[in-house]
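Asker: next comes the sequence, and after it the predicted model I'd like to discuss.
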Amino acid sequence: MSTPFVRLRAQSPFFDRLIFGSIVVMTIAIAGLVYRSNQTPLKISEFSWNKQKIGAWDRVFSLTFNRAVNPTTAEQGLNLQPPLNGKISWSRNKLFYTLLEVPIYGITYQVRLNNVKSADHQKIIPSFVGFFTTSDRAFAYLGTINQEKGRLILYNITQREKTILTPADLSITDFKIAPRGEKIFFLAYDSRGSREVGNSRQQLYSVSTGLKSRGVAVVEPVGKLHIVLDSKQYTNIRFDLSRNGQTLIVERENLKNPADAGLWLITKEGNNKPLGIPGGQFKLTPNGQRIALKQREGVTMLPLFREALPAQVFPDYEGVLDFSRDGSQALMVKSNNNYTRSLVLVNFQGTSKELFRSFYPITACRFEPRQERTIYCAKTDLLQSPTGQFQEANYLSVFKLDTRQEFPLVSLPQTQGLQISISPDGVGLLFDQAIGNANLALVPRYFSVSNTTLWLLPLPDLETRLKNNQPPGKVLLEQLYPGSKPLWLP
């Protein structure tokens, strides 16, 4: 039995011509599209960092080609000035460049592509030039004199601008900087009342810096204040912000019931909740997944979320001074049976390495951020004089982690309470100390906050010498401004 379609096909030559004509038209259309695509100039359709401002948190940029290219010619033709080491990977027509080092802040990088050929080697892309800039080199600190006293101050080295961020009626006790530098969180009390009452009424604030960077959708005007946590029911004692900005932990105490005290998790949505963890000295891991808590038996690493690594206990340890960039290692202080303390490089996979021992407290050590092959420490030790006598000495040293070599850099009046901050690009180290001459050797041993000043130690030449197994040589310090607790913006 034949269908109507079969009968039409058998009886109508017109149907054959219709089918054939359709095939011809479609073939011509496809050929036209292929021809047009071959005539489209080979070019870069997108550079993800073009005319953007980036920081240490930005690790990968991409270059998208509108057609397939020969990957070897693209990799050979890519050039960054100043040089910036990285590795290349591909996804179809998109080249990814992953940085292997932190870019230097406050400068412009140029990205060039030359002699890139199409996949069939028939065409060459026109020379491409793009650029991106890095964040301004800037730091925040607490003022200590005149109208700056107790206030948060931002100094932009690149622009040579100093800005007082907070009003005179707020006295700041501590602050942390958001990961992209667009705002700063701080604890403060009303300076118009007594200090005792003020400390029991500390509130947590944020203030905008006015700095723009890639990934920040809205930049508020500089000095814009927000209350994050008030002190109507609880006072806010201390806090920490994870390096990625995702976790904010605050130690709080009920004003009417001191037994109601401990750590709280503060969320952007305002769903703040107590964690049931007692307060004290604590420090968040860079990813904000765990918290290092000093307890009587040692240091405990507690998970804050289900996906975090499990809890770990480090008996006889006193605290964490610094985490590596990825959080896999930490500089921790350990108590020993012979009344000494050790600085230990702890790998959370189970290994540890003692770096040095001291009879004195170890309070300030930081990883060098670019390669994390060296650390900087403020320490006190007994040194032997040329006459053979031992005397107490305070100084800033650099250590090579692979060889455990120590190189003293700067003599200090004291190390207790000193704060070290290394710029994210590894160019400079800031610390606060008493006012004195260039090498700090004649500064009185004891000093109050009111006569502290900020010092800047340049690092690039020093790191190069250490890499080449050369001693540091002469160190030149730059005295900056009266102030305390300096922190570089990320």
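Answerer: Perfect, thanks for sending it. Numbering: from 1, shown residues only.

Asker: could you use CA atoms for every contact and neighbour count after this?
Answerer: OK.

Asker: got the end-to-end distance for stretch 344-355?
Answerer: Criterion C-alpha to C-alpha, to the nearest Å; first-to-last residue distance in stretch 344-355 is 6 Å.

Asker: repeat that for stretch 249-267.
Answerer: 9 Å.

Asker: also stretch 205-216?
Answerer: Start to finish, the residues bounding stretch 205-216 are 19 Å apart (C-alpha to C-alpha).

Asker: stretch 479-490 too?
Answerer: Using C-alpha to C-alpha, the end-to-end distance of stretch 479-490 comes to 22 Å.

Asker: the helices in the stretch 351-490 of the chain, which residues?
Answerer: With helices called from DSSP state H, counting those that start in this stretch, the stretch 351-490 of the chain shows them at 460-467.

Asker: what stretches of it score poorly on pLDDT?
Answerer: Within the stretch 351-490 of the chain, the ranges that satisfy pLDDT under 70 run 435-451, 460-463, 466, 473.

Asker: same thing with the chain?
Answerer: Along the chain, segments meeting pLDDT under 70 span 1-39, 193-200, 435-451, 460-463, 466, 473.

Asker: tell me where it has helices.
Answerer: With DSSP state H as the criterion, the chain has helices at 4-11, 13-39, 71-77, 195-199, 460-467.

Asker: pretty sure G276 is touching A259, no?
Answerer: No - judged on C-alpha atoms under 8 Å, G276 makes no contact with A259 at a distance of 11.8 Å.

Asker: L100 and K87 touch, don't they?
Answerer: Yes - L100 lies in contact with K87 (C-alpha under 8 Å); the separation is 7.1 Å.

Asker: between these two, who's got more neighbours?
Answerer: Neighbours per residue (other C-alpha atoms under 10 Å) separate L100 from K87, with L100 holding more: 14 against 11.

Asker: ok, now which ones touch that one?
Answerer: The contact partners of L100, by C-alpha atoms under 8 Å, 6 or more residues apart in numbering, come to 84-87.

Asker: nearest to D432 among those?
Answerer: L84 (31.8 Å; C-alpha to C-alpha).

Asker: about what we covered before: now tabulate the contacts of L100 in JSON lines and tack on distance to P303.
Answerer: Shown next, in JSON lines, are these (distance: C-alpha to C-alpha, whole Å):
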{"residue": "L84", "distance to P303": "36"}
{"residue": "N85", "distance to P303": "35"}
{"residue": "G86", "distance to P303": "33"}
{"residue": "K87", "distance to P303": "33"}
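
Asker: residue boundaries of the strands in the stretch 51-200 of the chain?
Answerer: Using DSSP state E, counting those that start in this stretch, the strands of the stretch 51-200 of the chain run over 53-54, 60-65, 78-81, 86-91, 94-99, 108-113, 128-134, 138-142, 152-156, 161-164, 170-177, 183-190.

Asker: burial of E297, as a residue count?
Answerer: By other C-alpha under 10 Å, the residues close to E297 number 12.

Asker: find the nearest non-adjacent residue to it, please.
Answerer: Leaving aside its chain neighbours, E297 sits nearest to P315 (5.7 Å; criterion: C-alpha to C-alpha, 6 or more residues apart in numbering).

Asker: what sits against that neighbour?
Answerer: For P315, the contact set (C-alpha under 8 Å, 6+ apart) comprises 297-299.

Asker: isn't I375 right next to L396, touching?
Answerer: No - applying C-alpha under 8 Å as the test, I375 and L396 come out as separate, 10.7 Å apart.

Asker: which neighbours do these two share?
Answerer: In contact with both I375 and L396: no residue, using C-alpha under 8 Å, 6+ apart.

Asker: re earlier: and the furthest pair within the contacts of L100?
Answerer: Going by C-alpha to C-alpha, the pair spanning the contacts of L100 furthest: L84 and K87, at 10.1 Å.

Asker: tell me, what's touching these two both at once?
Answerer: Common neighbours of L84 and K87 (C-alpha under 8 Å, 6+ apart) are 99-100.

Asker: ok, the residue lying closest to V129 once chain neighbours are set aside - how many residues close by?
Answerer: Nearest in space to V129, with sequence neighbours left out and distances taken as C-alpha to C-alpha, 6+ apart, is R112 at 4.6 Å. If you count neighbours by other C-alpha under 10 Å, R112 ends up with 15.

Asker: partners of R112 in the sheet?
Answerer: Beta-bridge pairing for R112 (DSSP bridges): N79, V129.

Asker: hmm, L80 and it touching each other?
Answerer: Yes - look at R112 against L80 with C-alpha under 8 Å: they come within range, at 6.4 Å.

Asker: next, give phi and psi for I125.
Answerer: With angles defined as degrees, to the nearest 10, I125 sits at phi -70, psi 140.

Asker: that one: what's it in contact with?
Answerer: For I125, the contact set (C-alpha under 8 Å, 6+ apart) comprises 41-43, 114-118.

Asker: distance-wise, check it relative to L95.
Answerer: Separation of I125 from L95 (C-alpha to C-alpha): 15 Å.

Asker: quick revisit: make JSON lines out of the strands of the stretch 51-200 of the chain and add distance to F305.
Answerer: JSON lines is the format used below for the strands of the stretch 51-200 of the chain (distance: least, C-alpha to C-alpha, whole Å):
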{"stretch": "strand 53-54", "distance to F305": "30"}
{"stretch": "strand 60-65", "distance to F305": "28"}
{"stretch": "strand 78-81", "distance to F305": "40"}
{"stretch": "strand 86-91", "distance to F305": "33"}
{"stretch": "strand 94-99", "distance to F305": "29"}
{"stretch": "strand 108-113", "distance to F305": "39"}
{"stretch": "strand 128-134", "distance to F305": "34"}
{"stretch": "strand 138-142", "distance to F305": "31"}
{"stretch": "strand 152-156", "distance to F305": "33"}
{"stretch": "strand 161-164", "distance to F305": "37"}
{"stretch": "strand 170-177", "distance to F305": "22"}
{"stretch": "strand 183-190", "distance to F305": "23"}
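
Asker: follow-up on the earlier one: quick one, which of the contacts of I125 are buried?
Answerer: The neighbour count (16 or more other C-alpha atoms under 10 Å) marks 42-43, 114-118 as buried among these.
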